[in-house]
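1. let me see the structure of the following:
(2 chains)
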Protein chains: 2
Amino acid sequence: MFRLLLPSIAVLLIVCSNRHSAVIAASGFAIVGYVVTDWLIPRVGPSFVKIGLYGKDQSKPGKPVIPESVGAVSATVYLLVMFFCIPFMFYKYMVTTTPGGGIRGVSIEESAGSAGSLFPHGKLSEYLSSILCLESTALLGIADDLFDLRWRHKFFLPAIGAIPLLIVYYVDFGATHVLVPTFLQGWLQMTNIDLGWFYYAYMVSMTIFCPNSINILAGINGLEVGQSIILGVLALTNDALYLSVGPQASRESHRFSAVVILPFLGVSAALWKWNRWPSRVFVGDTYCYFAGMVFAVVGILGHFSKTMLLLFVPQILNFVYSCPQLFNLVPCPRHRLPKFNDADWLLYPSRANLKDEPPKKIFTPVLKVLDKLRLIDVEYEGDKIISCTNMTLINLTLVWFGPMREDKLCNLLLVLQLMIGLIAIVLRHTLGALLFGHDNLWVIV
Amino acid sequence: MFRLLLPSIAVLLIVCSNRHSAVIAASGFAIVGYVVTDWLIPRVGPSFVKIGLYGKDQSKPGKPVIPESVGAVSATVYLLVMFFCIPFMFYKYMVTTTPGGGIRGVSIEESAGSAGSLFPHGKLSEYLSSILCLESTALLGIADDLFDLRWRHKFFLPAIGAIPLLIVYYVDFGATHVLVPTFLQGWLQMTNIDLGWFYYAYMVSMTIFCPNSINILAGINGLEVGQSIILGVLALTNDALYLSVGPQASRESHRFSAVVILPFLGVSAALWKWNRWPSRVFVGDTYCYFAGMVFAVVGILGHFSKTMLLLFVPQILNFVYSCPQLFNLVPCPRHRLPKFNDADWLLYPSRANLKDEPPKKIFTPVLKVLDKLRLIDVEYEGDKIISCTNMTLINLTLVWFGPMREDKLCNLLLVLQLMIGLIAIVLRHTLGALLFGHDNLWVIV
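-> Below you'll find the predicted structure:
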C-alpha cells in the first residue's frame, strides 16, 4: 500500500505542476528520486563490494565490512531526475511560444526565430551548466573513490568540476559586483564594488570549500548525509521566505534553488535510510563532493552565496577548529574518528599522542588556554602535555556532553547544526538589514 | 623540442582564433587534448591495473595483462577540453554584446536584458546539452566497465545518456519534419512530413546504434580507436565541404560538428598511440560508447543524422552480417575474436562449432549459399556442416584475404572503412541530389 502511495503522489505532483510552479514538479521528482534510490541501493550494494568498494565500520563490534561509495548511486539518480525535470522547468514558456501539440512551426528557421525571443534560453543554459557541474563533480568523486587520490590532489578536485559553471557564468552572466555595507559607503564613495576576477576566485573558493567542508565533518554513521539534509532544509527555508514574502525580482533565483535542492533531498533521504546508524552502506567521497557542490551551485547561480555560507557555519567552525591539526601545529593522526569502546558501545573522544610527537613549541600555551576554555581536553604528565583530544567538532561534542552512542552523537550534531542554521537565517535578515541599509527580503522592488 | 612544439602550436591557434573561427580554437584544443591524454595514459595505467581494471591480450604470445578501460581517460580529458572551448565558441557574441573588459553592465537586470537578445543562448544550451549527453554516456560507460553489466542492460545504456540531449532538443528545437524524396512528393501530396514522436524514436535508435555498433566491431588491437578516428575524419571531410562551398544556412551546423569532432580526434589520436598494435592499454566500453555518442550527437544536433549513418556503413554491414549469430540462428560463442596462432603470429578466422550445437534447421541452406558466395567459410564432414567462420567483418576479411598479422588486419579494415566512407560521401551529394531534387550542399540559400 505504502509502496504505491509514494509513486502515486509523485505522479500527481508532476502532472499537476504544469499549470503551476516548477517547484511542485520538483517535489514530485524528489519523491521519484527517493523511491528509485531506495530501490537501487540494496540491489547494487553487493556489486560494490565485489569490485573492491567496501569499508570497515570502525565503530561497531567486529568491524563489519559494508559497501563503500554508495553515494554514487544517489548522485546518478539525482542527475537522471534532473534531466526529466527540464521540460517542467520550462513548461510555461514552451506552451506560450508554440501553437501547442505537434504544430511547432514548419521549418527550422521559423521555429528558431519565434522561440528564440521568448524562450528563456539563458535560464536553460544556467540550468544545464548546473547539472553539468554536478555531473563533473560526481565523475571526479568516483575517480577519487576508485583510485584513492592524495589529499593535495583531491582538495582541488571540486574546482575542476566547477569549471563549466564558472565558464557559463562568465559567458552568460558576468556580474561581479557586490554591495558595499552602508557604513562603508560614505567612506568608499560607492554603493557597490566590482570585484572583477576576484569574484571568480571567490566562487572557485566556494566550490572548493563547500564539498571539502562536508567531507571533513564526517566519520560517524549518517553524519555526511544528515548534515547535507539539514543544509538542504535550511536553504529551502530561506527560499520559502523569498518565494512567499520576498520581492518579485529575487523569486526566479529562489525558485531555481528550490528546484535544484528538492530532488537532492529526495535522493539523500533514501541514502540516509541506509547510511544512518547502524550503517548498511557508506556514502564515499562522491557523495560529500556532490552534496557540497549542490549548495555551491545554488549559492552561485542563485546569487546568494554569502547567505549560503552562513548556513555552513558549523562546517566553517569545524574547519577553523581543525586548522591546528591540518597545518600540523599539533600532530594529526591518520584518522580522527572518535574511539569506539567495545564494552559499553559508546564513543569516546579520540586523542592525539603528544608524548612521542610533541606539538610545535609556540602552540603549547595555546593548547593550555584551549583546555582552560574547555575547547579541548588535555592530558598532563606532571607539567608535560602528553595528549589532547583531536580537533574536530565530533570530538568536541563528546568532550562537552560526555561519551555517547554513535546515533545519539549524530543526532545531537544535527540538532546543533539545525539550530545554528536557523539562527543564521534570522540574523541574516535582521543584522543584514542593518549593515546594508536594507534587506532584499523586505524591499518590494 | 618536439615536446614544446605541439603545445606552442596549440596556444598559438587558441589565441589567434579569437578574431576568426571557433574551428581554429577547436584545432588548438585538439592538440591540447592530444598532449594531455598522451601524458596521462602511461601515468594512470598502473592505477587501473591495481583496482582490477585489466585484461589479457588474447592475440599475443603469453597473453600479457594490460590496463583496461583506459578510454575513460580520453573521455575525461575531452570533456575538460570542451569546457574550456566554451568561451571561444561564443567569443564573437561576447565582444559585441558587452562594452568589453570589466564593464559589463552594473546590475543583474541590465546585463541579462542587454545580452539576452543578442547572445545565442540557444546555441549555448545546444552545446551544453551535447557535453552533458557525452558526460552521461562516459559515466554510464564507466559503470559498465566497473560492474560488467549484462548485454541486455548495456545495449540500452547509451539511450539513457542521450536523455539530456533529446529533452533539450524537445524543449529548444523540436523540429521533427523530414523532406520527402521528389519521386514520392507527387504521390504523397507533400514536400515534407512531420514524423512527430517517431522522429524522437529515430533519434533514440541512433544513440543506441552508433555506440553499440562501434562496440561490436572490436576485438583486435587499435580497431575501436582506429575506426572512430576514420569516422571523425570522414565527418570532418563532409563538414569541410559545407564550410567551404555549402550554403550559409548550413554552416552553423557544420561548424558545430567540427568543433565537437576536432578535440575528439585529438584525444583519440593519443589513445591510438597507446592502443595500436602491440597494445599497451585497452580502451574499454567507455570509449566505444563515448565515441559512438560523439557521432550521434553531432548527427542529431547538426541535423545531418542520415548522412552520419552513411558513414557508419561498415558498422551497419558488420551488424547485419552478425545478426544470424546475435539472434542465435547460428550458435554464437562467447568471444568471436580471430584465433591467434602462436607459431606464425598470424590471426586466423575463428569458427563456431556446429557439430555439437547445430544451427537452426531453416538456416542450413542459407549457410550453404553464404559459403558459395564466399561470405563465410563452411567446413563439411561428408554432407554435414560441422563448423563455420564467425560472422564478423574481421573474420570475413581473414576469409577473403587469408591469415595475417594483427596490425596488418587492423590497417586493412581501416583502409576499407575509409574508402567506403569516401564513396558514401560522394554518393550522398550526387545520388542524394537526384532523389530529393536538390542537394543542400549546392543550393545557395
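2. what's the helix or strand harbouring A:Ile9 packed up against?
-> Element membership for A:Ile9 (DSSP states H and E) is helix A:2-17. Here helix A:2-17 touches helix A:22-50, going by 3 or more Cβ pairs under 8 Å, 6 or more residues apart in numbering or on different chains; DSSP states H and E. Where you see a C-beta, it was placed from the backbone N, CA and C, and this is true even at glycine.
3. quick one: buried residues of the helix it packs on?
-> A:22-38, A:40-41, A:44-45, A:48 (16 or more other Cβ atoms under 10 Å in any protein chain shown).
4. also near chain B: which of those residues, exactly?
-> Checking the buried residues of helix A:22-50 against chain B by Cβ under 8 Å from any Cβ of the partner chain, the ones in range are A:Val44.
5. quick one: residues in contact with the longest strand along chain A.
-> As assigned by DSSP state E, the longest strand anywhere in chain A is strand A:384-389. By Cβ atoms under 8 Å, 6 or more residues apart in numbering or on different chains, the list of residues contacting strand A:384-389 from outside reads A:330, A:349-355, A:358-359, A:364, A:367-368, A:371, A:376-380, A:395-396, A:398-399.
6. packing partners of the stretch of helix or strand A:Leu396 belongs to?
-> Assigned by DSSP H and E, A:Leu396 belongs to helix A:393-401. The contact analysis (3+ Cβ pairs under 8 Å, 6+ apart) places helix A:393-401 against helix A:313-326, strand A:384-389, helix A:406-436.
7. which strands and helices lie in contact with the last one?
-> The contact analysis (3+ Cβ pairs under 8 Å, 6+ apart) places helix A:406-436 against helix A:182-188, helix A:223-245, helix A:305-311, helix A:313-326, helix A:393-401.
8. weed out the non-buried ones from the contacts of strand A:384-389.
-> By 16+ other Cβ under 10 Å, the contacts of strand A:384-389 give A:330, A:349-352, A:354, A:359, A:364, A:367, A:371, A:376-378, A:395-396, A:398-399 as buried.
9. what residues are up against the residue of the stretch 51-200 of chain A found nearest chain B?
-> Proximity of the stretch 51-200 of chain A to chain B (Cβ to the nearest Cβ) peaks at A:His121, 3.2 Å away. By Cβ under 8 Å, 6+ apart, the contact set of A:His121 is B:His121, B:Gly122, B:Leu124, B:Ser125, B:Asp172.
10. so for it, what's the pLDDT?
-> pLDDT recorded at A:His121 is 76.
11. how about it, nearest residue that isn't a chain neighbour?
-> B:His121 (3.2 Å; Cβ to Cβ, 6 or more residues apart in numbering or on different chains).
12. before we move on, what about A:Val23?
-> That would be A:Ala258: by Cβ to Cβ, 6+ apart, it lies 4.9 Å from A:Val23.
13. return the residues in contact with the one you found.
-> A:Ala258 is in contact with A:Val23, A:Ala26, A:Leu236, A:Asp239, A:Ala240, A:Leu243, counting by Cβ under 8 Å, 6+ apart.
14. same question, A:Ile131
-> Taking Cβ under 8 Å, 6+ apart, we find A:Ile131 in contact with A:Leu79, A:Met82, A:Phe83, B:Leu132, B:Pro164.
15. wait, which of those is closest to B:Pro278?
-> Nearest to B:Pro278 among the contacts of A:Ile131 is B:Leu132, at 36.6 Å by Cβ to Cβ.
16. I'd say the closest one and B:Pro164 touch.
-> Yes: at 4.4 Å, B:Leu132 counts as touching B:Pro164 under the criterion of Cβ atoms under 8 Å.
17. now do the shared contacts for these two.
-> Common contacts of B:Leu132 and B:Pro164 (Cβ under 8 Å, 6+ apart): A:Leu128, A:Ile131.
18. which helix or strand in chain A has the lowest average pLDDT?
-> helix A:108-118 (a mean of 41; mean pLDDT, DSSP states H and E).
19. buried residues in the helix or strand just after that one?
-> Sequence-wise, the next helix or strand beyond helix A:108-118 is helix A:121-147, with elements assigned using DSSP H and E. The neighbour-count check on helix A:121-147 (16+ other Cβ under 10 Å) flags A:121-146 as buried.
20. off-centre distance for the longest strand of chain A?
-> In terms of Cα atoms, centre = their mean, to the nearest Å, the centre of strand A:384-389 is set 34 Å apart from its chain centre.
21. inside helices: which ones of the contacts of strand A:384-389?
-> Taking DSSP state H, the ones among these that sit in helices are A:Thr364, A:Leu367, A:Lys368, A:Asp371, A:Asn395, A:Leu396, A:Leu398, A:Val399.
22. so which of those is the closest to B:Leu326?
-> A:Asn395 (59.7 Å).
23. quick check: the closest one touching A:Pro338?
-> Yes: look at A:Asn395 against A:Pro338 with Cβ under 8 Å: they come within range, at 6.0 Å.
24. joint contacts of those two?
-> Common neighbours of A:Asn395 and A:Pro338 (criterion: Cβ under 8 Å, 6+ apart): A:Pro349, A:Ser350.
25. what distance do you get for the spatially most central residue of chain A to A:Gly161?
-> Nearest to the geometric centre of chain A sits A:Gly292, at 3.2 Å (Cα atoms, centre = their mean). Per Cβ to Cβ, to the nearest Å, A:Gly292 is found 10 Å from A:Gly161.
26. and for A:Leu132?
-> Taking Cβ to Cβ, one finds A:Leu132 at 9 Å from A:Gly161.
27. before we move on, what about A:Leu4?
-> A:Leu4 is 37 Å from A:Gly161, by Cβ to Cβ.
28. between the two, tell me which one has more neighbours.
-> Neighbours per residue (other Cβ atoms under 10 Å in any protein chain shown) separate A:Leu4 from A:Gly161, with A:Gly161 holding more: 26 against 8.
29. surely that one touches A:Thr207?
-> Yes: using Cβ under 8 Å, A:Gly161 is in contact with A:Thr207, at 7.4 Å.
30. quick check: neighbours shared by those two?
-> A:Met293.
31. so which residues on the stretch 201-350 of chain A come close to chain B?
-> A:Ala249, A:His303.
32. give me the low-pLDDT residue ranges for the stretch 201-350 of chain A?
-> Within the stretch 201-350 of chain A, no stretch falls below the threshold (pLDDT under 70).
33. tell me which of the helices and strands packed on helix A:393-401 sits nearest to B:Ala343.
-> Here helix A:313-326 is closest among these (Cβ to Cβ), at 61.9 Å.
34. what residue in the stretch 251-400 of chain A comes nearest to chain B?
-> A:His303 (7.0 Å).
35. residues contacting the spatially closest residue to that residue that is not a sequence neighbour?
-> Excluding the flanking residues, the one nearest A:His303 by Cβ to Cβ, 6+ apart is A:Ser253, at 5.6 Å. By Cβ under 8 Å, 6+ apart, the residues touching A:Ser253 are A:Tyr242, A:Leu301, A:Gly302, A:His303, A:Phe304.
36. got the domain boundaries for chain A?
-> The domain map for chain A lists A:2-93+A:119-311+A:411-436, A:326-404, with the assignment taken from automatic domain parsing.
37. packed most tightly, which of the ones you listed would that be?
-> domain A:2-93+A:119-311+A:411-436 (a mean of 20; mean count of other Cβ atoms under 10 Å in any protein chain shown).
38. and the end-to-end length of that domain?
-> Domain A:2-93+A:119-311+A:411-436 stretches 49 Å from its first residue to its last (Cα to Cα, to the nearest Å).
39. surely A:Pro7 touches A:Ile31?
-> Yes: judged on Cβ under 8 Å, A:Pro7 makes contact with A:Ile31 at a distance of 7.4 Å.
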